[in-house]
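J.: From the sequence below, what's the structure:
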Amino acid sequence: MPRLVLITASSPEIREVRRTRVLNFQQITMPYLAARVPAGWEVVHIDEEAEEIDWKIEADLVGITFHTPSAHHAYHIATHFRSRGICVIMGGPHVTLLPQEAGQYADVIFIGEAEGLWEEFLKSFETGSHRRVYQNAGPPFLKDVPISRKELFHRSDYTNGVLFATRGCSNQCDFCTVAVMYPHKLRMRPIAEVAAEYASFKGKVIIFWDDNIAGDMEYAKELFRAIAPYRKWWSSQASIHCGRDDKFLEAAAQSGCKQLFLGLESISQQSLAGVNKRFNRVEEYLQVIERIHSHGIAVQAGIVFGFDDDTPEIFRNTIDFLEEAGVQNATLNILTPFPGTPLYRKMKAEGRLLTQDWSKYNSRDDVVFKPKQMSVAELLTGFRYANERFYSLQSITKRLSRSLVQCWWSLPLNLAYSFQWRMMAQSGSPR
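T.: Numbers count the residues shown, from 1 in each chain. Here you go, the predicted model:
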């Protein structure tokens with residue numbers, strides 16, 4: 001029986017950066033791919049966020065998926081197993097962004113989405129007739145997607161269920177890799193199939209690992225009606241459009257939505273315009289957040305610092321706004337021009353890239369470009385100030401007292417983040 005080892009790679013450096021995040025959810029690429037492996041194969045999944053690699057593990061085939069910050073680490077993994085004569089395949093975000101680079105370290109690479117090609121490759125591998133490069137000519141159909149293999153999940157402390165309903169996003173923001181990864185824009189799985197997988201999880205908490213659950217509002221409303229009878233709690237990412245539609249929010253709340261991640265990105269309209277995200281209108285942020293709260297749904301704001309129109313005042317002004325809006329949580333990041341994106345091409349043409357050491361493209365610990373309105377040191381200092389202030393006891397009290405929505409879990413979560421930031425500040429950690 002041939003043995004397939006699937007590795008969700010995460011470098012030691014990125015794991016260290018992510019220790020500021022109390023919640024790190026289960027990645028689902030490999031459990032979904034494992035569900036497409038034909039009978040007769042033994043499948044092992046190693047998730048480096050939860051366990052170490054056994055470098056002596058026996059395998060006929062090793063598959064690796066990884067994001068840009070873990071690229072060099074993934075190449076090290078590949079080199080080790082290839083030195084043992086084991087065929088190594090690579091796929092995922094970074095491979096799709098830089099296939100020529102990744103191809104130097106693998107026997108086979110997958111560019112873009114793997115559905116259909118994955119099964120074809122495994123059959124060809126058994127006969128020794130596989131190709132070096134696999135890439136779908138068009139968008140794969142998302143019908144009859146097998147339910148992911150839950151026994152290959154390794155993280156069960158924060159969520160009991162992770163799945164996806166849609167893939168891609170209709171928006172084309174210059175800094176986002178989604179449009180590069182999925183150029184065919186938004187596609188949806190059949191609602192009945194999503195609802196069946198949703199119901200298959202024994203736990204009560206579900207994460208929709210979608211890029212934008214509100215990408216097709218009518219589809220989303222129908223999906224919410226289909227999953228409502230299962231009485232589970234769920235969260236997902238959504239564009240700001242969702243906060244303009246009360247029927248969407250009502251259906252989401254009735255189906256068990258407890259939180260939506262909103263990619264606000266910036267409180268500067270000029271900054272948003274500069275990265276092709278004009279559909280976010282800063283003047284309506286407060287109204288949108290208030291409307292979401294009115295349906296009993298918490299808001300996690302996605303914020304990015306370092307846009308070309310950002311000045312050193314952006315950090316204080318942003319936290320002032322988030323406190324006024326009463327958001328329950330926020331993910332704060334440093335602008336990162338990932339390879340393959342319009343932002344990367346622009347900064348490269350302007351000679352503003354400082355490094356191509358992918359381990360520094362972590363969005364939280366390093367600045368990899370020359371900012372326009374501040375220095376690198378000012379951007380890093382402001383970013384740390386924003387995090388420390390946002391998770392200060394004073395800010396937590398101010399934010400959560402403005403809206404008691406989902407306070408029973410958002411308060412402990414905020415306190416956990418507050419503790420982590422205080423411990424790092426006391427230890428002198430740059431993070």
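
J.: What ranges does the stretch 1-150 of the chain have for its helices?
T.: Here the stretch 1-150 of the chain has its helices, by DSSP state H, counting those that start in this stretch, at 12-17, 29-34, 71-83, 93-97, 99-103, 117-127.

J.: Can you lay out those helices as a markdown table showing distance to E51, mean neighbour count and mean pLDDT?
T.: C-beta: built from backbone N, CA, C; applies to glycine. Formatted as a markdown table, the helices of the stretch 1-150 of the chain follow (distance: least, Cβ to Cβ, whole Å; neighbours: other Cβ atoms under 10 Å; pLDDT from 0 to 100):
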| stretch | distance to E51 | mean neighbour count | mean pLDDT |
| --- | --- | --- | --- |
| helix 12-17 | 12 | 16 | 85 |
| helix 29-34 | 13 | 22 | 96 |
| helix 71-83 | 14 | 19 | 98 |
| helix 93-97 | 21 | 23 | 96 |
| helix 99-103 | 24 | 16 | 97 |
| helix 117-127 | 23 | 15 | 95 |
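
J.: Can I get these in a markdown table including distance to L415?
T.: Output for the helices of the stretch 1-150 of the chain, formatted as a markdown table (distance: least, Cβ to Cβ, whole Å):
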| stretch | distance to L415 |
| --- | --- |
| helix 12-17 | 21 |
| helix 29-34 | 32 |
| helix 71-83 | 32 |
| helix 93-97 | 33 |
| helix 99-103 | 41 |
| helix 117-127 | 43 |
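
J.: Nearest to N414 among the ones you listed would be which one?
T.: helix 12-17 (20.1 Å; Cβ to Cβ).

J.: residues making contact with the closest one?
T.: By Cβ atoms under 8 Å, 6 or more residues apart in numbering, the surrounding residues in contact with helix 12-17 are 48-49, 67, 69-70, 73, 359, 362, 364-365, 431.

J.: circling back to that earlier point, L335: which of the helices of the stretch 1-150 of the chain is closest?
T.: helix 12-17 (15.6 Å).

J.: so how far is the longest helix along the chain from its chain's centroid?
T.: Ordering each helix of the chain by length in residues (DSSP state H) puts helix 407-427 first. What separates the centre of helix 407-427 from the centre of its chain is 22 Å, taken as Cα atoms, centre = their mean, to the nearest Å.

J.: same check, this time on stretch 72-88
T.: Taking Cα atoms, centre = their mean, one finds stretch 72-88 lying 25 Å from the centre of the chain it belongs to.

J.: got it, and stretch 353-360?
T.: Using Cα atoms, centre = their mean, the offset of stretch 353-360 from its chain centre is 20 Å.

J.: How about stretch 240-252?
T.: Using Cα atoms, centre = their mean, the offset of stretch 240-252 from its chain centre is 22 Å.

J.: One more: stretch 250-266?
T.: 16 Å.

J.: What is the end-to-end distance of that stretch?
T.: Stretch 250-266 has an end-to-end distance of 27 Å (criterion: Cα to Cα, to the nearest Å).

J.: tell me which residues of it are tucked away?
T.: 251-253, 255-266 (16 or more other Cβ atoms under 10 Å).

J.: And the helices of the stretch 1-150 of the chain: which comes nearest P337?
T.: helix 93-97 (11.4 Å).

J.: The closest one packs against which elements?
T.: strand 108-111, helix 178-181 (3 or more Cβ pairs under 8 Å, 6 or more residues apart in numbering; DSSP states H and E).

J.: Output it as PDB, nothing but the C-alphas.
T.: Extracted C-alpha coordinates of helix 93-97, given in PDB (Å, rounded to 0.1, in the frame of the first residue of the first chain):
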ATOM      1  CA  PRO A  93      -0.400  30.000  -2.100                       C
ATOM      2  CA  HIS A  94       3.300  30.600  -2.600                       C
ATOM      3  CA  VAL A  95       3.700  28.000  -5.300                       C
ATOM      4  CA  THR A  96       0.900  29.600  -7.200                       C
ATOM      5  CA  LEU A  97       2.400  33.100  -6.800                       C
END
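
J.: List of residues touching it?
T.: Residues outside helix 93-97 that contact it (Cβ under 8 Å, 6+ apart) are 66-68, 70-71, 74, 102, 106, 109-112, 177, 180-181, 338-340, 358.

J.: Can you tell me the closest non-neighbouring residue to E51?
T.: H154 (6.2 Å; Cβ to Cβ, 6 or more residues apart in numbering).

J.: In contact with the one you found, which residues?
T.: Residues near H154 by Cβ under 8 Å, 6+ apart: 26, 45, 47, 49-51.

J.: cool, and S124?
T.: S124 touches 130-131, counting by Cβ under 8 Å, 6+ apart.

J.: On the three-state scheme, the nearest residue to M374 once chain neighbours are set aside is what?
T.: Among residues not flanking M374 along the chain, P312 sits closest, at 5.2 Å (Cβ to Cβ, 6+ apart). Secondary structure assignment for P312 (DSSP: H, G, I helix; E, B strand; the rest coil): coil.

J.: How is this structure divided into domains?
T.: Listed domain ranges for the chain are 3-135, 159-427 (source: automatic domain parsing).
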